[in-house]
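Colleague: turn this into a structure:
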Amino acid sequence: MSQSLTRICIFTALVLAGVIRVYCQDGLPEVFKQGTIAEQLKYLDERTRIYENYRAIREDIYQMFSRNTLDTLKNVKRNMNGLILQTTTLTNRIDSLNKNLEATRIELTDKIRTKDSINLLGIEVNKKVYNSVMWIILGALVFLLIAGYLLFRLNRNIALRTKLDLIELRDEFEGYRQKTRLEREQMTRDHFNEIKKLKGR
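Modeller: Down below sits the predicted model:
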């Protein structure tokens with residue numbers, strides 16, 4: 001029994017030594033912890049062997065490579081979703097800016113078209129025509145003002161002259177009336193005296 005126990009102990013020691021040796025001998029290479037997918041593929045291509053059209057890869061390396069590849073794909077997908085969202089936002093912004101640009105172009109065209117015109121009573125009139133009409137109207141008003149002022153001065157002078165002539169004529173008439181009254185009274189007296197003389201004879 002002690003022999004079989006010794007054999008079991010030796011066998012167990014050998015098995016444990018082999019397992020420890022296998023795990024201690026080959027850990028995961030550094031490239032699978034920090035390298036890119038391209039570097040990991042290059043490592044697999046250089047360090048693994050092909051046997052009867054099959055490539056032999058250690059299970060732990062395969063699992064790590066699978067996790068790394070899936071993580072990379074998830075990151076790429078997340079980045080793609082972010083870029084798609086950003087593209088959508090930028091497309092909407094571009095559409096909005098294009099609408100604003102079109103509205104600005106229409107407004108600019110309208111301003112250029114109406115730059116030389118004035119809206120007068122709902123009718124667009126050319127500025128040159130408007131200015132000409134306004135200057136003609138202003139000239140006519142100035143002419144009428146000057147003509148009215150001159151006519152007023154002439155009428156005032158005529159009125160003053162007429163007033164002076166009327167005063168003079170009234171004074172002359174008053175003098176003539178006084179003179180005529182005095183002459184009539186004198187004539188009446190003379191006539192009365194003559195009648196008296198005739199009666200007295």
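
Colleague: only C-alpha atoms for contact and neighbour calcs from this point on.
Modeller: OK.

Colleague: all strands in the protein, in order from the N-terminus.
Modeller: 50-51, 54-55, 117-120, 123-126 (DSSP state E).

Colleague: direction included, what does the last one pair against?
Modeller: On the basis of DSSP bridges, the sheet neighbours of strand 123-126 come out as strand 117-120 (antiparallel).

Colleague: now swap in the first one and tell me
Modeller: Taking DSSP bridges as the criterion, strand 50-51 sits next to strand 54-55 (antiparallel) in its sheet.

Colleague: and the strand it pairs with, average pLDDT?
Modeller: In this model, strand 54-55 has a mean pLDDT of 82.

Colleague: gap between that strand and the chain center?
Modeller: 69 Å (CA atoms, centre = their mean, to the nearest Å).

Colleague: show me this structure divided up by domain.
Modeller: 2-114, 137-200 (automatic domain parsing).

Colleague: need these in JSON lines with mean neighbour count and distance to residue 129, can you?
Modeller: JSON lines is the format used below for these (neighbours: other CA atoms under 10 Å; distance: least, CA to CA, whole Å):
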{"stretch": "domain 2-114", "mean neighbour count": "12", "distance to residue 129": "14"}
{"stretch": "domain 137-200", "mean neighbour count": "12", "distance to residue 129": "12"}
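
Colleague: relative to residue 125, which of those domains is closest?
Modeller: Proximity to residue 125 (CA to CA) singles out domain 2-114 among the domains of the chain, at 9.4 Å.
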